[in-house]
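J.: Everything below, folded, please.
(4 chains)
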Number of protein chains: 2
Amino acid sequence: MPKLGMEPIRRAALVKATIAEVGDAGSLDVSVSRIAKRAGMSSALAHHYFGGKDQIFLAAMRHTLTVYGAEVRGALVMADGPRSRVEAIIRAGFSNTNFRADVIAAWLNFYVMARTSDEAHRLLTVYQKRLHSNLQHGLRPLIGARAGAVAARMAALIDGIYLRQALSRDAVDGAEASAQVIAALDKEIGQ
Amino acid sequence: MPKLGMEPIRRAALVKATIAEVGDAGSLDVSVSRIAKRAGMSSALAHHYFGGKDQIFLAAMRHTLTVYGAEVRGALVMADGPRSRVEAIIRAGFSNTNFRADVIAAWLNFYVMARTSDEAHRLLTVYQKRLHSNLQHGLRPLIGARAGAVAARMAALIDGIYLRQALSRDAVDGAEASAQVIAALDKEIGQ
DNA sequence: GGTTTTTGATTGACTCGTCAATCAATAAAA
DNA sequence: TTTTATTGATTGACGAGTCAATCAAAAACC
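T.: Okay, here's the model as predicted:
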């Protein structure tokens, strides 16, 4: 069986399975066995590759942040003009890849994890800083010095809408969510 | 020892201890034994009064919601005029009783719990509905038909700022948080 | 008032299950 | 044969929930 070079494949499978499992369970209270089973391997192998449960979760978290980050960058290169850049940042957060029930559940639980894990805390802080920085950068040409404060509010609003969706059990609607935030944006920048 | 009427005292102590313990641990991953110990009794007694771990958490949740609800009502009777009412609702959410590290941690974890517990889900839905309804009611005289949509955004913003504080490990600042939301309110209603 | 009975309060010890982590062993490349 | 892949079995810890037993106030009774 040992086809060489299994490691990256196994790791990816475990990360994917972790997100799915956390999404299903709704909490971080999922056993390594279950994750491993979903990923099609034994729990021992999961430990072999990741060293421990925390490492598995952190890897899953890094992955969601990486995907999100990539999506934002991708959207930004397509945007022309500051206003369009800000909208791109907003829409990226509510894209079909990020704004899914299981991913949202994972985010929520990462917030819980960040209260006890330094590494999780660090990662989420990076995300928040980046979101704020991106928004501020896009807003500055539009509203100058107010950009910092407005960016903070927009970021909080985005997170808040995320949180609502985490509670909602209905299907999520990224377009509707984006529209909400953009409406607030319009008010903040005066149309 | 059986001084009659211990039950309500014990229950209250357990609820308080639960919030504190969840705040310390940062997650719902706290054993009944620890909660009971902090409340000054055996774990068996905790089970005796509440029946199970979930019941204890739900009671703690109901308590925080009750306190929050009372505070909002109290602030509303003091307010004169719609604008003042809306501000009162906002400030109540960030009051010293509600905007505390352990309480915020509890809220966050209740959101996680709501993904698996129907009763927790119900309670949080009640909170969200009530918050939205209160805001909408206060906003209607100010902006008419737009009140519903704006209330939704304000509610999400409040939750979002809460979430930020859940991540922050510094001391929380309710006044600053209120100011943020009120600034957004000003923009929404046009000064 | 004194005795007995009842009942709420309380706990230590125990059961049962779960889970993270480890290890020894096997199999297939290189 | 050395390295990589892989797993079944095992261990050690921990936690929820149960139970039988104890303790002491209070109520009922004489």
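
J.: The residue lying closest to A:Ile90 once chain neighbours are set aside and DNA strand D, how far apart?
T.: Excluding the flanking residues, the one nearest A:Ile90 by Cβ to Cβ, 6 or more residues apart in numbering or on different chains is A:Val181, at 4.9 Å. No exception for glycine: its C-beta is placed from N, CA and C like everyone else's. Using Cβ to the nearest atom of the strand, to the nearest Å, A:Val181 is found at 39 Å from DNA strand D.

J.: A:Ile89 too?
T.: 38 Å.

J.: next one: A:Arg140
T.: The value you get for A:Arg140 to DNA strand D, if Cβ to the nearest atom of the strand is used, is 48 Å.

J.: repeat for A:Tyr68
T.: Taken as Cβ to the nearest atom of the strand, the span from A:Tyr68 to DNA strand D is 28 Å.

J.: what about the residue nearest to A:Ile90, how many residues close to it?
T.: Using other Cβ atoms under 10 Å in any protein chain shown, A:Val181 has 24 neighbouring residues.

J.: What pLDDT is listed against it?
T.: Per-residue confidence (pLDDT) for A:Val181: 95.

J.: In terms of secondary structure, what does the helix or strand where it lies contact?
T.: For A:Val181, the element it lies in under DSSP states H and E is helix A:174-189. Here helix A:174-189 touches helix A:82-93, helix A:118-143, helix A:147-167, helix B:147-167, helix B:174-189, going by 3 or more Cβ pairs under 8 Å, 6 or more residues apart in numbering or on different chains; DSSP states H and E.

J.: can you redo the ones you listed as JSON lines with distance to B:His132?
T.: Formatted as JSON lines, the helices and strands packed on helix A:174-189 follow (distance: least, Cβ to Cβ, whole Å):
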{"stretch": "helix A:82-93", "distance to B:His132": "22"}
{"stretch": "helix A:118-143", "distance to B:His132": "25"}
{"stretch": "helix A:147-167", "distance to B:His132": "10"}
{"stretch": "helix B:147-167", "distance to B:His132": "5"}
{"stretch": "helix B:174-189", "distance to B:His132": "14"}
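
J.: Figure out which of these is closest to B:Ala60.
T.: helix B:147-167 (16.4 Å; Cβ to Cβ).

J.: does the closest one come close to chain A?
T.: Yes: remark: helix B:147-167 sits within contact range of chain A at B:149, B:152-153, B:155-164, B:166-167, by Cβ under 8 Å from any Cβ of the partner chain.

J.: For these, which two are the farthest from each other?
T.: B:Ala149 and B:Leu167 (27.5 Å).

J.: before we move on, back to that, check what contacts the helix holding A:Val181 and list those residues.
T.: A:83, A:86-87, A:90-91, A:94-96, A:99, A:139, A:142-143, A:150, A:153-154, A:157-158, A:161, A:165, B:149, B:152-153, B:156-157, B:184, B:187-188 (Cβ atoms under 8 Å, 6 or more residues apart in numbering or on different chains).

J.: one more time with 7 Å, if that's ok
T.: A:86-87, A:90-91, A:94-96, A:99, A:142-143, A:150, A:154, A:157-158, A:161, B:152-153, B:187-188 (Cβ atoms under 7 Å, 6 or more residues apart in numbering or on different chains).

J.: And for stretch A:109-125?
T.: So stretch A:109-125 is contacted by A:22, A:27-28, A:54, A:57-58, A:61-62, A:65, B:26-27, B:105, B:108-109, B:112, B:163, B:166-167 (Cβ under 7 Å, 6+ apart).

J.: Quick check: end-to-end length of that stretch?
T.: 15 Å (Cα to Cα, to the nearest Å).

J.: how far is stretch A:113-132 from where the chain is centred?
T.: Taking the mean of its C-alpha atoms, stretch A:113-132 sits 11 Å from the chain's own mean (Cα atoms, centre = their mean, to the nearest Å).

J.: Buried residues in that stretch, which are they?
T.: Using 16 or more other Cβ atoms under 10 Å in any protein chain shown as the test for burial, stretch A:113-132 gives A:113-115, A:117, A:120-121, A:123-124, A:127-128, A:130-132.

J.: with those residues in mind, which one is nearest to DNA strand C?
T.: Distance to DNA strand C across these (Cβ to the nearest atom of the strand) is lowest for A:Ser117, with 12.3 Å.

J.: now that closest one: how far from B:Gln165?
T.: According to Cβ to Cβ, to the nearest Å, A:Ser117 and B:Gln165 sit 18 Å apart.

J.: and A:Ala177, how many neighbours?
T.: 21.

J.: May I see the buried residues of the helix or strand hosting A:Met113?
T.: Here A:Met113, judged by DSSP H and E, is contained in helix A:101-114. Neighbour-count burial for helix A:101-114 flags A:101, A:103-114 (criterion: 16+ other Cβ under 10 Å).

J.: With pLDDT and distance to DNA strand D added, can I get these in TSV?
T.: Shown next, in TSV, are these (pLDDT from 0 to 100; distance: Cβ to the nearest atom of the strand, whole Å):
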residue	pLDDT	distance to DNA strand D
A:Ala101	87	26
A:Val103	89	26
A:Ile104	90	26
A:Ala105	89	22
A:Ala106	89	23
A:Trp107	90	25
A:Leu108	91	21
A:Asn109	90	18
A:Phe110	90	22
A:Tyr111	93	21
A:Val112	90	16
A:Met113	91	18
A:Ala114	92	21
